[in-house]
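Participant: Here is the input, now give the coordinates:
(one chain, ligands or ions: 2)
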Amino acid sequence: MKTIVIKCGGSIISRLSEKFFVSLGELRDEGYSFVFVHGGGPDINEMLAKFDVPVQFENGLRKTTKETLEIAELVLAGKTNRHLVHMLQSHGFKAVGLNGSDGEILKAEHIDQDALGEVGRINKVNTDLLEVLLSKEIYPVLTPISISQSGDKLNVNADTAAGAVAAALHAELCIFITDVDGVRNGSCIIEHLTEPEIRQLIDEGTIYGGMIPKVNAAIQAKQEGASRILITSGVSQFFSNSQWKGTFLGA
Ligand SMILES: Nc1ncnc2c1ncn2[C@@H]1O[C@H](COP(=O)(O)OP(=O)(O)O)[C@@H](O)[C@H]1O
Ligand SMILES: CC(=O)N[C@@H](CCC(=O)OP(=O)(O)O)C(=O)O
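Facilitator: Ligands and ions are numbered 1, 2, ... in the order given. Prediction:
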């Protein structure tokens, strides 16, 4: 099975272009299956503001109290997931939405409970359920909310979750769809990046904020089993006539 893991950033879901769905159709016709993992950072921020809960990030990761986690899950599973599944279905793709914790698909452990609260890193992806759905040409759409060994929910950055899913499935490609055309250095999009180059760009501050978990997830996915990684835009470019545009890791 040729699988592409597609991470849709919260910054982009409501703005996904028609070209994006046309490109997905072309890839499906070429024999690819898809697993989607989505974020929803802006939607979560909006809801936290409504509940007067402060928003705090550290290196692109949300500091997550139990209350923040409850609101994040409510938004991701109840709103963003529904929205993306509906958009896919409206464009003729069979899609099923799941919380990452459902069926223990995404298992995680705390990163640093004192510093970040209920934030996790994935330590296992249960691919069985994903593979059953894919074998029936149904595309799973996952939130990044994960479950710990002791049965607690954890907030996992969606880039990290997508990278872990891509590695576990040995995906041919993991695409991070975001609101920029790729990783920029000044006004230029960098077409290819290696791990040392990424480390340097983070150190010098060229890569910052939400791009940090994205490139770290990209490195990890590449190291742990995904063949190729692409960071690209869901608004303007994505893929057309077999021409990929954006920033690649790997050949
Ligand atoms: N070097 C960089 N190149 C491009 N974007 C960058 C870079 N460094 C930081 N960013 C920021 O990362 C953002 C994408 O991350 P994020 O907002 O978390 O998106 P998403 O919701 O798609 O995960 C861009 O909109 C941009 O503001
Ligand atoms: C721990 C952590 O930061 N979790 C993220 C999960 C959603 C996400 O990653 O959304 P984007 O892809 O839109 O950034 C959060 O709470 O915002």
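Participant: Now the closest residue to Arg121 other than its chain neighbours: phi and psi?
Facilitator: Spatially, and ignoring its direct neighbours in sequence, Arg121 is nearest to Ile111 (5.1 Å; C-beta to C-beta, 6 or more residues apart in numbering). (C-beta placed from N, C-alpha, C; glycine too.) The phi/psi pair for Ile111 (degrees, to the nearest 10) reads phi -80, psi -60.
Participant: and Ile111, what does it touch?
Facilitator: By C-beta atoms under 8 Å, 6 or more residues apart in numbering, the residues touching Ile111 are 61, 119-121.
Participant: cool, Asn59 as well?
Facilitator: With contact set as C-beta under 8 Å, 6+ apart, Asn59 has these partners: 212-213.
Participant: Can you tell me how far it is from ligand 2?
Facilitator: According to C-beta to the nearest ligand atom, to the nearest Å, Asn59 stands 10 Å off from ligand 2.
Participant: cool, and Val119?
Facilitator: Val119 is 4 Å from ligand 2, by C-beta to the nearest ligand atom.
Participant: count of residues packed around that residue?
Facilitator: By other C-beta atoms under 10 Å, 23 other residues sit near Val119.
Participant: these two touch, right, it and Gly60?
Facilitator: No - the pair Val119 / Gly60 is not scored as a contact, 11.0 Å apart, by C-beta atoms under 8 Å.
Participant: nearest residue to Asp112 other than its sequence neighbours?
Facilitator: Leaving aside its chain neighbours, Asp112 sits nearest to Val119 (7.8 Å; criterion: C-beta to C-beta, 6+ apart).
Participant: Could you do Val85 as well?
Facilitator: In this structure, Val85 finds its nearest non-sequential neighbour in Gly97, 4.1 Å apart by C-beta to C-beta, 6+ apart.
Participant: Might you report the residue contacts of the one you found?
Facilitator: Gly97 touches 77, 81-82, 84-85, 141, 143, counting by C-beta under 8 Å, 6+ apart.
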